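Chemist: Starting from these lines, generate the structure:
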Amino acid sequence: MLNCVFLIPIDHRGIQGQCFEQYLELQTWCNKNNSAIFSCNGLFLNFARNYLATGGGGFADTSPPEAEWLFWIDSDVKFNIEQIEHMLSIAPDKKFVTGYPYELIIDHYKAFKDYILNDIGRNSVINNLGAGHEYNCFSKV
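Modeler: Got it, this is the predicted structure:
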């Protein structure tokens, strides 16, 4: 079983030039840390996310990829290895961890944080991660 699988849906624009180098660094990190990058392109993002969430099984086999942690990152999100290592260092009893983009409006962040902590439960952690348009999260399988 892998320690971590990074699920990266790639939309019709591909990986932007400003983000390309970080994926080379991530691949090097994965090679050293029993982890892997799963990605797909050519699908609408909702289908790509479903494909990745099922390890390519789709509706025929909805089992997630075999890994201790699943880590979602959209292809247009900037991040660094230190942020990933910080999130992976969070206590293993936390079942859901999320990062939010820097430019996220405070009111939306508060509502999202309240939802995670109150509706999903106290076994959650929220961190600031990257400068993208969507939430980045990973969960213990």
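Chemist: ok, residues contacting the strand of greatest length in the chain?
Modeler: Ranked by number of residues, the top strand in the chain under DSSP state E is strand 2-10. Applying Cβ atoms under 8 Å, 6 or more residues apart in numbering, the set of residues contacting strand 2-10 from outside is 23, 26, 30, 33-41, 43, 45, 48-49, 51-53, 65-75, 88, 138. C-beta coordinates here come from the backbone N, C-alpha and C atoms, glycine included.
Chemist: Show me what the helix or strand following it is packed against.
Modeler: Proceeding C-terminally, strand 2-10 gives way to helix 17-32 as the next helix or strand, assigned by DSSP states H and E. Using 3 or more Cβ pairs under 8 Å, 6 or more residues apart in numbering; DSSP states H and E, the elements in contact with helix 17-32 are strand 2-10, strand 35-41, helix 81-88.
Chemist: at 7 Å instead, please
Modeler: Under the contact definition 3 or more Cβ pairs under 7 Å, 6 or more residues apart in numbering; DSSP states H and E, helix 17-32 sits against strand 35-41.
Chemist: buried residues in the strand it packs on?
Modeler: Going by neighbour count (16 or more other Cβ atoms under 10 Å), the buried part of strand 35-41 is 35-39.
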